[in-house]
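Asker: this one's sequence-less:
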């Protein structure tokens, strides 16, 4: 399956999921006593968006048609998409800009990320780097304490998405349900341009063996990489809220670096305790 084929299929599923969550009353249509379907009908979406019902049906079937940006924005209005969802829909329909090629002699994306993370090893808050597949490729000492000591895991198990849906992840993250929904929605948005990647598809299929991941993935929710508060159950300090800031620069795309800082300015009364308790796991071997 090509990336274009995968994107068309994903766009079709995304449109269906958004259509099914809109009630007729929300768009000024009568529900009717005999209505049996969930959400809007395809022809109702088409009429509200000013489209041919047949053409819109083809779009939801994943056929090789090419909606204009104006058509997509019309659908976004009818389906009441968030800005993140609207951008995601455009990305699926029109692809992405090709990431810049590194100049000759420059570091690879992963090496650049590893150097950036290594420079943060003295901070008491977690910093880690991950690739497109959520493989954790670098982490500082604090990440080994707040998340898990990745150095003792086999390389193929050093994966943030797998960890999030593991028994340890579900125990370590407070408000896990909300956090898991957020990370799946972020990842779905991030990997959209690489829909034809066989390894990604296999990873998603493997993760779907977890009922929670399967439910969230089938929800088709998407979100951009914005900062958010994550609440940890710290092994020594109890519940600790921190702000998670994910950075993804063109120089090391599609890798990313996740920084954690105090949730609020001045909200680090346990800083000394944190600094005193680093484990010795090495994230740079």
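Answerer: Arrived safely. Every value quoted in this text rests on a predicted model; they were computed, and no experiment measured them.
Asker: ok, residue 88 - contacts?
Answerer: Applying Cβ atoms under 8 Å, 6 or more residues apart in numbering to residue 88 gives the contacts 14, 188-189, 192, 222. In this view, the C-beta of every residue, glycine as well, is placed from N, C-alpha and C.
Asker: give me the element it is part of.
Answerer: Per DSSP states H and E, residue 88 falls inside helix 83-94.
Asker: buried ones in that helix?
Answerer: 84-93 (16 or more other Cβ atoms under 10 Å).
Asker: same check, this time on stretch 153-162
Answerer: Here stretch 153-162 shows 158-162 as buried, counting by 16+ other Cβ under 10 Å.
Asker: Could you work out the most separated pair of those?
Answerer: Using Cβ to Cβ, the buried residues of stretch 153-162 span at most 11.1 Å, a distance reached by 158 and 161.
Asker: returning to what we had before: list just the nearest of the contacts of residue 88 to residue 123.
Answerer: residue 189 (27.7 Å).
Asker: Next, count neighbours for that closest one.
Answerer: The number of residues packed around residue 189, counting by other Cβ atoms under 10 Å, is 20.
Asker: That one contacts residue 84, correct?
Answerer: Yes: shown here, residue 189 and residue 84 form a contact pair, counting by Cβ atoms under 8 Å, at 6.7 Å.
Asker: any common contacting residues for the two?
Answerer: What both residue 189 and residue 84 touch, as defined by Cβ under 8 Å, 6+ apart, is the set 222-224.
Asker: What about those, which one has the most neighbours?
Answerer: residue 222 (24 neighbours).
Asker: Quick one: residues contacting that one.
Answerer: Here residue 222 is in contact with 14, 84-85, 88, 185, 188-189, 192 (Cβ under 8 Å, 6+ apart).
Asker: give me that answer again for 10 Å
Answerer: 14, 81-82, 84-89, 91-92, 184-190, 192 (Cβ atoms under 10 Å, 6 or more residues apart in numbering).
Asker: what about the strands in the stretch 1-150 of the chain?
Answerer: For the stretch 1-150 of the chain, the strands defined by DSSP state E, counting those that start in this stretch occupy 127-130, 136-139.
Asker: Return the set of buried residues in the longest helix along the chain.
Answerer: For the chain, the longest helix by residue count, based on DSSP state H, is helix 3-20. Buried residues in helix 3-20, defined by neighbour count with 16+ other Cβ under 10 Å: 6-8, 10-12, 14-15, 18-19.
Asker: Let me have those residues in TSV, adding distance to residue 200 as columns.
Answerer: As requested, the buried residues of helix 3-20 are arranged in TSV below (distance: Cβ to Cβ, whole Å):
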residue	distance to residue 200
6	9
7	12
8	16
10	12
11	16
12	18
14	17
15	21
18	23
19	26
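Asker: Turn those residues into a markdown table, columns for distance to residue 25 and pLDDT.
Answerer: Converted to a markdown table, the buried residues of helix 3-20 look like this (distance: Cβ to Cβ, whole Å; pLDDT from 0 to 100):
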| residue | distance to residue 25 | pLDDT |
| --- | --- | --- |
| 6 | 35 | 87 |
| 7 | 32 | 89 |
| 8 | 31 | 91 |
| 10 | 29 | 92 |
| 11 | 26 | 93 |
| 12 | 26 | 95 |
| 14 | 23 | 94 |
| 15 | 20 | 95 |
| 18 | 17 | 94 |
| 19 | 15 | 94 |
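Asker: Brilliant, that's me finished.
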